[in-house]
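In: predicted model follows, preceded by the sequence.
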Amino acid sequence: MTPAALITGWGYYVPPKVLTNADLEAMVQTSDAWIYERTGIRERHIVEGDEVTSGMATKAAKEALGRAKVKGEDLDAIIIATTSPDYFLPTAACLVQESLGARKAAVFDLGAACAGFVYGLAIARGLVASGAARKILLVGAETISRFIDWTDRATCVLFGDGAGAVVIEASAAGAGIQSTALHGDGRQKRHLRLEGGGALHPAARRGDDGASDFIQMNGPEVFKLAVPAMADAAKEALAQAGLRLEDVDLFVPHQANARIIEAVAKRLGLDRSKVFIDIDRFGNTSAASIPIALCDAVAQGRVRKGDTLVFAAFGGGMTWGAAVVEWSSPKR
Ligand SMILES: CC(C)(COP(=O)(O)OP(=O)(O)OC[C@H]1O[C@@H](n2cnc3c(N)ncnc32)[C@H](O)[C@@H]1OP(=O)(O)O)[C@@H](O)C(=O)NCCC(=O)NCCS
């Protein structure tokens, strides 16, 4: 029988430094009222010094491994979903592997922007189902603040740094990750991009080549694309799992903008009580946002054993997707 892929541990980490909307008022022409009304964000955490993606990922991972009672050396795979790794090489996953002493783990970074965590759930489920791995660490970790133009008010108010991790284990019982729906559309790539530093515009050859080292975004276009994409992916994943919207106990979407989340929930006909939003405290942490929100939801007592959770995300590329997970309680 195909083993189920259960989430047995979870943990998150955000850097201590908090950047409030009031702080941003002193940096660009904006206001707390504009940011909160348009996005739902009050504050976000930002890295300082050398603590970037792999360091935050390691801290989140240790918490998740502790909950799952799994040792680093027992991991078969480490997947780090990120658009902001410490380096191109070594990957963030290699750095996390070293920190955790996860000697036998297969290690790779996954680039699917804000949808990276949902993509990672699909890959982890596949590795478990095929028998290729029994214990997997999946982390969404981002240091987007290093790729933000802090003079561009259209982007700098939106993002935050952080990491969220889950441990996924093969099990003969339980449902775990029940289904995933993944999508992409490169034709829309211009609306959200980070071009500088890649092979076309490598740092060593940079003159005035027109590429930007910062995230560039057409916010309203991303907004319009994100809402139907996330809603449709959630419906698709639910249908694949043989479930209906009425079966959803909690919707834990990517936290890009509270208005996007509310519009997706409205399209789905989900009551607000079944929608988890914590963007006010973290901003958009890209691939880290769903696992951070999941930890937050569990800590707030919003998730119980047997609950049906739906995750949905949309990000640059464009990439998007959804996953349905039956929640299992941690090991005793
Ligand atoms: C970015 C976003 C918050 C902007 O909200 P919006 O309601 O679409 O606002 P607009 O971009 O139309 O801008 C409205 C006005 O506010 C201004 N504005 C933009 N950013 C501002 C800021 N931080 N403070 C004050 N005013 C701002 C604009 O310049 C514009 O002014 P104008 O009317 O004089 O031209 C919203 O489009 C969004 O969240 N999009 C999705 C982005 C996203 O989620 N990206 C990541 C995907 S993973």
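Out: Yep, that arrived. Numbering: from 1, shown residues only.

In: could you list the low-pLDDT ranges of the chain?
Out: 206-207, 209, 329-332 (pLDDT under 70).

In: which residues does the residue of it found nearest the ligand contact?
Out: Among all residues of the chain, residue 219 sits closest to the ligand, at 2.7 Å; criterion: C-beta to the nearest ligand atom. In this view, the C-beta of every residue, glycine as well, is placed from N, C-alpha and C. Neighbour list for residue 219: 154, 155 [criterion: C-beta atoms under 8 Å, 6 or more residues apart in numbering].

In: ok, it to residue 179 distance?
Out: 31 Å (C-beta to C-beta, to the nearest Å).

In: surely residue 316 is in contact with residue 188?
Out: No: when contacts are counted by C-beta atoms under 8 Å, residue 316 is not listed as touching residue 188 (9.3 Å).

In: and those two? which has more neighbours close in?
Out: Using other C-beta atoms under 10 Å as the criterion, residue 316 and residue 188 rank with residue 316 on top: 22 against 16.

In: now the strands for the stretch 1-150 of the chain?
Out: For the stretch 1-150 of the chain, applying DSSP state E, counting those that start in this stretch gives strands covering 4-13, 18-20, 43-45, 77-81, 106-110, 135-142.

In: contact partners for the closest residue in space to residue 27 that isn't next to it in sequence?
Out: Nearest non-adjacent residue to residue 27, counting by C-beta to C-beta, 6 or more residues apart in numbering: residue 150, 6.2 Å away. Remark: with contacts taken as C-beta under 8 Å, 6+ apart, residue 150 is in contact with 27, 28, 156.

In: checking residue 234 next. Helix, strand or coil?
Out: Three-state call for residue 234 (DSSP: H, G, I helix; E, B strand; the rest coil): helix.

In: so it sits right up against residue 310, yeah?
Out: Yes: judged on C-beta under 8 Å, residue 234 makes contact with residue 310 at a distance of 5.3 Å.

In: what sits in contact with each of the two?
Out: 251, 322.

In: how far away is residue 305 from residue 174?
Out: For residue 305, the distance to residue 174 - C-beta to C-beta - is 10 Å.

In: between these two, tell me which one has more neighbours.
Out: residue 174 (18 against 10).

In: pretty sure the more buried one contacts residue 326?
Out: Yes: here residue 174 lies in contact with residue 326, judged by C-beta under 8 Å, at a distance of 7.0 Å.

In: near the ligand, which residues of the stretch 151-300 of the chain are found?
Out: Neighbours of the ligand within the stretch 151-300 of the chain, by C-beta under 6 Å from any ligand atom: 153, 154, 157, 217, 219, 220, 222, 223, 256, 257, 260, 284.

In: who touches the last one in this structure?
Out: What that stands for is residue 284. With C-beta under 8 Å, 6+ apart, residue 284 has these contacts: 41, 114, 144, 158, 159, 160, 254, 255, 256, 257.

In: quick one: the helices in the stretch 101-250 of the chain?
Out: 116-130, 153-156, 219-240 (DSSP state H, counting those that start in this stretch).

In: now, of these, which is deepest in the fold?
Out: Among these, helix 116-130 has the highest mean neighbour count (mean count of other C-beta atoms under 10 Å), at a mean of 24.

In: show me the domain layout of the chain.
Out: Here the domain parsing of the chain from automatic domain parsing is 4-176, 178-326.

In: show me the beta-bridge partners of the closest residue to residue 6 other than its chain neighbours.
Out: Spatial nearest neighbour of residue 6, excluding adjacent residues (C-beta to C-beta, 6+ apart): residue 176 at 3.8 Å. Applying DSSP bridges to residue 176 gives these bridge partners: residue 5.
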